[in-house]
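Chemist: sequence-free structure coming up:
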């Protein structure tokens, strides 16, 4: 993957000598076997998902087996391409819903245990740093790589990317990790813990992949074999798992393996220190792998594919039905007949050539698939608000339906955002801190940790804004004097701007200008009150 001497993976504690090499080999191999057992349970479903959504992709997803260099030969058996379209659209919807390139899709907020007097200090630092983090995200190759990772793996339920800083003089690097190279398992608290990338590498490329520092750590016999057999393969494994006995920080054990032997091991610490980020959509508590919309839609896809095949067969039979003929009445025509040709028939047997059976009518209802396709669109979260009937929906109805759609995708996507976008954001923060571009958030000289917050949850906050607007429309006209006395307009506007996330666009006057404007308004109101009323009929 990368040269692990890079600053983003610099060890907090080197444990190559502290931990016996043999013991670490055994632990790494045991964890890897547990990961492989998790994938084996989902092997057939993932293969079938690839058949429908990515028939050109190699179906071998077991990392111990090298992925087939040729695409599968059964792609021609697929009768419908609807899953290919929906998987791409699903990736687009998820990317735009959770990680839109033009908008800040994560923000850090002080936790509930931070004193109110300290929150302002932390907030001021966050407001300066978060835009820098998003600048780094946009400058990297994250957005070109995410579609490679998402399509169709995220529709299957699991995808992964690798984010690192191998060349400090350049931008950060992101690389999509295919399911064939990924092995994962659950940790003690139900989250993705053990994670491995397994790559079958030509021996001639091992030096380039590992870098000279790690290549030199390979034992002499193995290194000699790699150098003498450049066309053979070597399996390189990068592994990570949490060290839960470390309570002082987030600490990961990291190993690099050649075949099943650990050649390099370090402990890395800090929020966002792990470069391998695994994302799941709609996970369950029992498995490391998740049932994405493509997995859940397999029954519908099978039915659509079967109906499409039957329709083709029906049309073929209607156009060229099988026939019978007496074998002594004419020439040999077992191979069929051609249009425009004339074939001899023995006199008296003209009526002997006939169809074997009557082709039934092609009943359109049998092949009606619009309802099934609608169910699939709903499953893939592609059924955005639609106009029902001839009357267009009002603006309120349209917004309500949009909120419902966002909530639907938000419920199974909560874990995705926490495992994916939030970790990506923290990873870039970590790398920027390692480069010295930003500093850890400190309050009263003490470093604090702030969790990313999902602005996509603003649907609920927009509902609060809508309810307040309705409250104001009822309360202000009914009790105008009490409303003016009870309401602090400036603070209320500030809270509304924060809820609606328009503080960056709202340019406020300085305190001095506000006082001047208020004085001018008060003077104007006093002058209007003192002016005499005009007499009726006056010019």
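Modeler: Happy to help now that I have it. Just so we're clear, the structure is a prediction, and the values are computed from it rather than from any experiment.

Chemist: hey, let's count contacts and neighbours off CA atoms from now on
Modeler: Will do.

Chemist: Could you list the low-confidence segments of the stretch 101-250 of the chain?
Modeler: Counting by pLDDT under 70, the ranges of the stretch 101-250 of the chain that qualify are 111-113.

Chemist: Equivalent analysis for the chain, please.
Modeler: Low-confidence regions of the chain, defined by pLDDT under 70, span residues 1-21, 68-71, 111-113, 323-367, 384-406, 455-462, 501, 504, 525-539.

Chemist: For it, which segments are assigned as strands?
Modeler: 107-108, 158-164, 173-177, 182-186, 192-202, 233-242, 251-258, 261-269, 276-280, 323-324, 354-355, 442-443, 446-447, 452-453 (DSSP state E).

Chemist: Distance to residue 62 for those - can I get that in TSV?
Modeler: Output for those, formatted as TSV (distance: least, CA to CA, whole Å):
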stretch	distance to residue 62
strand 107-108	37
strand 158-164	15
strand 173-177	14
strand 182-186	9
strand 192-202	10
strand 233-242	13
strand 251-258	17
strand 261-269	19
strand 276-280	17
strand 323-324	49
strand 354-355	51
strand 442-443	45
strand 446-447	43
strand 452-453	34
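
Chemist: Tell me which of those sits nearest to residue 503.
Modeler: Across the strands of the chain, residue 503 has its closest neighbour in strand 107-108 (13.7 Å, CA to CA).

Chemist: Check which strands are paired with that closest one and give the direction for each one.
Modeler: strand 452-453 (antiparallel) (DSSP bridges).

Chemist: what does the partner strand rub up against?
Modeler: Applying CA atoms under 8 Å, 6 or more residues apart in numbering, the set of residues contacting strand 452-453 from outside is 106, 107, 108, 109, 422, 425, 426.

Chemist: ok, and the closest non-adjacent residue to the last one?
Modeler: So the one you mean is residue 426. Counting by CA to CA, 6 or more residues apart in numbering, residue 426 lies nearest to residue 272, which is 4.9 Å off, once chain neighbours are set aside.

Chemist: That neighbour: neighbouring residues, count only.
Modeler: 21 (other CA atoms under 10 Å).

Chemist: on that earlier part again, wait, which of the contacts of strand 452-453 is closest to residue 180?
Modeler: Taking CA to CA as the measure, residue 180 sits nearest to residue 422 out of the contacts of strand 452-453, at 24.5 Å.

Chemist: Enumerate every residue touching that closest one.
Modeler: Neighbouring residues of residue 422 by CA under 8 Å, 6+ apart: 106, 452, 453, 454.

Chemist: Could you rerun that using 6 Å?
Modeler: residue 452 (CA atoms under 6 Å, 6 or more residues apart in numbering).

Chemist: that older thread, ok, now which ones touch the residue nearest to residue 426?
Modeler: With contacts taken as CA under 6 Å, 6+ apart, residue 272 has the following neighbours: 426, 427, 430.

Chemist: Reformat the strands of the chain as a markdown table; add distance to residue 58 and mean neighbour count.
Modeler: Putting the strands of the chain into a markdown table (distance: least, CA to CA, whole Å; neighbours: other CA atoms under 10 Å) gives the following:
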| stretch | distance to residue 58 | mean neighbour count |
| --- | --- | --- |
| strand 107-108 | 38 | 18 |
| strand 158-164 | 16 | 25 |
| strand 173-177 | 14 | 20 |
| strand 182-186 | 14 | 25 |
| strand 192-202 | 14 | 21 |
| strand 233-242 | 18 | 22 |
| strand 251-258 | 24 | 21 |
| strand 261-269 | 27 | 22 |
| strand 276-280 | 21 | 25 |
| strand 323-324 | 42 | 12 |
| strand 354-355 | 44 | 12 |
| strand 442-443 | 49 | 14 |
| strand 446-447 | 47 | 10 |
| strand 452-453 | 36 | 17 |
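
Chemist: Mind checking those strands for the one nearest to residue 92?
Modeler: Proximity of the strands of the chain to residue 92 was assessed by CA to CA; the nearest stretch is strand 158-164, lying at 14.6 Å.

Chemist: before we move on, back to that, now for the strands of the chain, which one comes closest to residue 34?
Modeler: Nearest to residue 34, of all these, is strand 182-186, at 6.9 Å by CA to CA.

Chemist: ok now the closest one, how far from the chain's centre?
Modeler: Here strand 182-186 is found 17 Å from its chain centre; the criterion is CA atoms, centre = their mean, to the nearest Å.

Chemist: Now do that strand: which elements does it pack against?
Modeler: In terms of contacts (3 or more CA pairs under 6 Å, 6 or more residues apart in numbering; DSSP states H and E), strand 182-186 is packed against helix 21-40, strand 192-202.

Chemist: and the ones you listed as TSV, adding distance to residue 85?
Modeler: Written out in TSV, the entries for these read as follows (distance: least, CA to CA, whole Å):
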stretch	distance to residue 85
helix 21-40	26
strand 192-202	28
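
Chemist: Nearest approach to residue 312 belongs to which of those?
Modeler: helix 21-40 (35.2 Å).

Chemist: can you list the residues that contact the closest one?
Modeler: By CA under 6 Å, 6+ apart, the residues outside helix 21-40 that reach it are 183, 184, 185, 261, 262.

Chemist: let's see 8 Å
Modeler: Surrounding helix 21-40, the residues in contact under the criterion CA under 8 Å, 6+ apart are 62-63, 183-185, 194-196, 239, 255, 260-262, 287-289.

Chemist: Could you single out the nearest of those to residue 315?
Modeler: Distance to residue 315, by CA to CA, is smallest for residue 62 among these, at 40.3 Å.

Chemist: from what I can see the closest one touches residue 180, true?
Modeler: Yes - counting by CA atoms under 8 Å, a contact exists between residue 62 and residue 180, whose distance comes to 5.9 Å.

Chemist: intersection of neighbour lists for the two?
Modeler: Between them, residue 62 and residue 180 share no contacting residue, judged by CA under 8 Å, 6+ apart.

Chemist: and the residue nearest to residue 153 when sequence neighbours are not counted, what is it in contact with?
Modeler: Leaving out its chain neighbours, the residue that sits closest to residue 153 by CA to CA, 6+ apart is residue 159, at 5.3 Å. Residue 159 makes contact with 149, 150, 153, 177, 178, 179, 278, 279, 280 under the criterion CA under 8 Å, 6+ apart.

Chemist: how does it look with 6 Å?
Modeler: 149, 153, 278, 279.

Chemist: From the contacts of residue 272, pick the one nearest residue 477.
Modeler: residue 426 (47.4 Å).
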